[in-house]
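Chemist: Everything below, folded, please.
(chains A and B)
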There are 2 protein chains.
Amino acid sequence: MKPGTDVEVREVGLRDGLQGIATFFPTELKKQWVAAEAAAGVPEIEVCSFVPPKVSGQFVDCQEVIAAALQVPDLVVSALVPNLKGAERGFANGVHKMNFVLSVSESHNQANVRCSREDSLERFRQIAQLRDSTPENRKVQLGVGLSTALGCTIEGNVDPADAVWLAEELVKAGADEIAVADTVGYANPAQVRAMFKLMRENLGDAVTLASHFHDTRGLGLANVSAAIEEGVRHFDASLAGLGGCPFAPGATGNIVMDDLVFMLEAMGLKTGVDLEALLEVREIVHRGLPQERLYGAIAKAGLPKGFAGAAPAVQAAE
Amino acid sequence: MKPGTDVEVREVGLRDGLQGIATFFPTELKKQWVAAEAAAGVPEIEVCSFVPPKVSGQFVDCQEVIAAALQVPDLVVSALVPNLKGAERGFANGVHKMNFVLSVSESHNQANVRCSREDSLERFRQIAQLRDSTPENRKVQLGVGLSTALGCTIEGNVDPADAVWLAEELVKAGADEIAVADTVGYANPAQVRAMFKLMRENLGDAVTLASHFHDTRGLGLANVSAAIEEGVRHFDASLAGLGGCPFAPGATGNIVMDDLVFMLEAMGLKTGVDLEALLEVREIVHRGLPQERLYGAIAKAGLPKGFAGAAPAVQAAE
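Modeler: Purely as a prediction, here's the structure:
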């Protein structure tokens, strides 16, 4: 975590936001987005997904976007890797961190990555072995997103014991971070607290626990607040909630980065992000996708009178 | 609280939702709304405000709406009363509960009710004396909403000590319930926890603590979740978030009743409300105000697969 900050927010809009959008977001604007959001203080940005181009045309410019992002001072550049081939591309392109993804519910994993959870675990082990067997790759962080950890559109309720089993195997294999993902927006605050308590009890303090929440049913920030109560300090979000929910027209997808930063700063947790500067980055997203609906309560309602945020405090702390 | 329930949700849309809307909501539909939402299981409904008709034409039918509401079995019928005159009308019409309102910030109280906080306290004392001096009125509950308790659009931050001072005076005067109100949507979960902790410490266990939160900056349900952590079990909300925020176009006002019930039930807290039936009541609101935007994540995204109140996953984890 950056010095002087209490929490780490990570932008996933360029990956999770864009992956479901058919319109190609222009490469030049992706680079501007990354640079502007990093300049606003966001410390980590997932800039693309190494899925095959036939799966999504949105990421054909991965190499160029990563190269530009790596020029941004102090930015942790991450990418989603679905398999060993993706990880090879990640290593070759020099990202600082790779995020692997598998689903806690078997049928969602089959639907999403077309293999069993056991096979997904094996894929991750291969990636971790590649990382650990190559001296220049050893500094690359490996995160894993546990999709459908808190509910599944196919199976409904998901057994927390399965999430713990997978997390333990992943940590054994070399995962540096486990992100509990509410992929479909089913989670509630009580469930989130119980899940992170269980994770911490079973995984110990060595691994970083993170959250990747969606706001599909309006509880995204309530769930973040619950995670905070359990000591979680790493949160994924998407600027302007980009992407929505492809399965529910008009419903939101990822939690809104700008609202997340507002909540955290209001709670006295320093994010290192200048909220006014962050809000201005929405304009770049709008330019790249003028037809796409942007979300965000702060963008609509404005900041509270006298709201200081942590921007000045953080600068003073650094 | 109703037998078999853990929490009490109270509908305020007919008062707080409608008070800012110029279009008159037809009396017949108000009565249908009350009956249908009570039938869905909502135990308490604030059906009108006893402001003078020149202040708002929305409530000229108070008498008729109250009379109809009082026919609904087991429903607690409440009304907002701004002063002694309003309370006299409330007693005359036989409401079960009256909600008085004053602002914690002096300048907001002056702007809203055109008197000092001291004068507002005196008004409440008169109402309580009228209640206590008349045998047939003694069963009427008196609640007070502490507006701007968590922030003010005029003054910015508000001293929690002022909220405690007013609450103590109100309880001394005879208030049965104190509702901490985030009138302008400034509050955050950490602040909410601190406020309710302070209230409980200073007021003891005799008085009921409630929350009246707005979702203007997206934190309404996160704030409810924080209040739950502090033992609060009484929550105001408005079906479909009716009313929006008059000061921020496109921004929401009251927290959405349907989403609130979803969150509470998902957390395993029994509301006594049939969520499917509640969602159908939105249609009545739409018929009364076809031009008004209705809010709600569940109405858009639908309930989670297999949703049946408390998520078994959480129970298994504990």
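Chemist: For burial, what's the neighbour tally of A:Glu88?
Modeler: 14 (other CB atoms under 10 Å in any protein chain shown). Yep, even glycine has a C-beta here, placed from its N, CA and C like the rest.
Chemist: so how far is A:His96 from it?
Modeler: 16 Å (CB to CB, to the nearest Å).
Chemist: Off-centre distance for the longest helix anywhere in chain A?
Modeler: In chain A, assigned by DSSP state H, the helix with the most residues is helix A:117-133. Relative to its chain's centre, helix A:117-133 lies at 20 Å (CA atoms, centre = their mean, to the nearest Å).
Chemist: What of stretch A:188-207?
Modeler: Per CA atoms, centre = their mean, the centroid offset for stretch A:188-207 relative to its chain is 18 Å.
Chemist: Assign A:Met98 to helix, strand or coil.
Modeler: strand (DSSP: H, G, I helix; E, B strand; the rest coil).
Chemist: Run a quick check on it versus A:Lys139, I expect a contact.
Modeler: No: using CB atoms under 8 Å, A:Met98 makes no contact with A:Lys139, being 11.8 Å away.
Chemist: Pick out whichever of the two has more residues nearby.
Modeler: A:Met98 (25 against 9).
Chemist: give the contact list for the more buried one.
Modeler: Residues near A:Met98 by CB atoms under 8 Å, 6 or more residues apart in numbering or on different chains: A:Ser78, A:Ala79, A:Leu80, A:Val81, A:Ala87, A:Gly90, A:Ile127, A:Val140, A:Gln141, A:Leu142, A:Gly143.
Chemist: again, but for A:Glu64
Modeler: With CB under 8 Å, 6+ apart, A:Glu64 has these contacts: A:Thr27, A:Lys31.
Chemist: SS state for it?
Modeler: Per three-state DSSP, A:Glu64 ends up helix.
Chemist: now do A:Gly4
Modeler: Secondary structure for A:Gly4, judged by three-state DSSP, is coil.
Chemist: thinking again about what came up before, tell me which other helices or strands the longest helix of chain A touches.
Modeler: helix A:84-93, strand A:97-103, helix A:106-113, strand A:141-147, helix A:160-173 (3 or more CB pairs under 8 Å, 6 or more residues apart in numbering or on different chains; DSSP states H and E).
Chemist: Give me the buried positions along that helix.
Modeler: By 16 or more other CB atoms under 10 Å in any protein chain shown, the buried positions in helix A:117-133 come out as A:Arg117, A:Ser120, A:Leu121, A:Arg123, A:Phe124, A:Arg125, A:Ile127, A:Ala128, A:Leu130, A:Arg131.
Chemist: how big is the angle separating that helix from helix A:84-93?
Modeler: In terms of direction (axes from the mean of the first three to the mean of the last three CA atoms, to 10 degrees), helix A:117-133 departs from helix A:84-93 by 30 degrees.
Chemist: what's next to helix A:117-133, contact-wise?
Modeler: Here helix A:117-133 makes contact (CB under 8 Å, 6+ apart) with A:81, A:83-84, A:87-88, A:91, A:98, A:100, A:102-104, A:106, A:109, A:113, A:115, A:137-138, A:140, A:142, A:144, A:162, A:166, A:169-170, A:173-175.
Chemist: For PyMOL, write a command that selects the buried ones of those residues.
Modeler: The buried residues among the contacts of helix A:117-133 can be selected in PyMOL (16+ other CB under 10 Å) with this line:
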select buried, chain A and resi 81+83+84+87+91+98+100+102+103+104+106+109+113+137+140+142+144+162+166+169+170+173+175
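Chemist: Now tabulate the helices and strands packed on helix A:117-133 in a markdown table and tack on mean pLDDT.
Modeler: Converted to a markdown table, those look like this (pLDDT from 0 to 100):
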| stretch | mean pLDDT |
| --- | --- |
| helix A:84-93 | 97 |
| strand A:97-103 | 97 |
| helix A:106-113 | 94 |
| strand A:141-147 | 98 |
| helix A:160-173 | 98 |
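Chemist: Need these in a markdown table (columns: distance to A:Val273).
Modeler: Below are the helices and strands packed on helix A:117-133 laid out as a markdown table (distance: least, CB to CB, whole Å):
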| stretch | distance to A:Val273 |
| --- | --- |
| helix A:84-93 | 26 |
| strand A:97-103 | 19 |
| helix A:106-113 | 31 |
| strand A:141-147 | 20 |
| helix A:160-173 | 28 |
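Chemist: Between those, which one is closest to A:Thr153.
Modeler: helix A:106-113 (7.4 Å; CB to CB).
Chemist: Could you export the closest one as CSV, keeping only the C-alpha atoms?
Modeler: In CSV, the C-alpha atoms belonging to helix A:106-113 read as follows (Å, rounded to 0.1, in the frame of the first residue of the first chain):
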residue,chain,number,x,y,z
GLU,A,106,-18.8,-25.4,-10.4
SER,A,107,-21.4,-24.7,-13.0
HIS,A,108,-20.5,-21.0,-13.3
ASN,A,109,-16.8,-22.0,-13.7
GLN,A,110,-17.9,-24.3,-16.5
ALA,A,111,-20.0,-21.6,-18.1
ASN,A,112,-17.3,-18.9,-17.8
VAL,A,113,-14.0,-20.6,-18.5
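Chemist: Count the neighbours of the closest residue to chain B within the stretch 1-150 of chain A for me.
Modeler: Closest approach between the stretch 1-150 of chain A and chain B, counting by CB to the nearest CB: A:Leu150, at 7.4 Å. For A:Leu150, the count of nearby residues is 32 (other CB under 10 Å).
Chemist: how about the nearest residue to it once chain neighbours are set aside, what does it touch?
Modeler: Leaving aside its chain neighbours, A:Leu150 sits nearest to A:Ala187 (3.7 Å; criterion: CB to CB, 6 or more residues apart in numbering or on different chains). Counting by CB under 8 Å, 6+ apart, A:Ala187 touches A:Leu150, A:Gly151, A:Phe213, A:Leu219, A:Asn223.
Chemist: can I get those in TSV with distance to B:Leu294 and pLDDT?
Modeler: Output for the contacts of A:Ala187, formatted as TSV (distance: CB to CB, whole Å; pLDDT from 0 to 100):
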residue	distance to B:Leu294	pLDDT
A:Leu150	27	97
A:Gly151	25	96
A:Phe213	24	97
A:Leu219	19	98
A:Asn223	24	98
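Chemist: Which ones among those residues lie within strands?
Modeler: Using DSSP state E, the subset of the contacts of A:Ala187 located in strands is A:Phe213.
Chemist: In helices only, show me the contacts of A:Ala187.
Modeler: Short answer: the contacts of A:Ala187 in helices (DSSP H) are A:Asn223.
Chemist: hmm, back to that, which strand or helix spans the residue nearest to A:Leu150?
Modeler: A:Ala187 belongs to no helix or strand when assigned by DSSP states H and E.
Chemist: Which pLDDT value does the model give it?
Modeler: pLDDT for A:Ala187: 97.
Chemist: And it, how far from B:Ala227?
Modeler: 19 Å.
Chemist: Which single one of the buried residues of helix A:117-133 is nearest to B:Ala36?
Modeler: A:Arg117 (45.1 Å).
Chemist: Quick check: the gap between that closest one and A:Ala111.
Modeler: 12 Å.
Chemist: next one: A:Thr5
Modeler: Taking CB to CB, one finds A:Thr5 at 37 Å from A:Ala111.
Chemist: higher neighbour count, these two?
Modeler: A:Thr5 (21 against 14).
Chemist: Quick check, that one in contact with A:Val261.
Modeler: No: judged on CB under 8 Å, A:Thr5 makes no contact with A:Val261 at a distance of 11.4 Å.
Chemist: Pull up the overlap in contacts between those two.
Modeler: Counting by CB under 8 Å, 6+ apart, the residues touching both A:Thr5 and A:Val261 are A:Thr271.
Chemist: I'm done for today, thanks for sticking with me.
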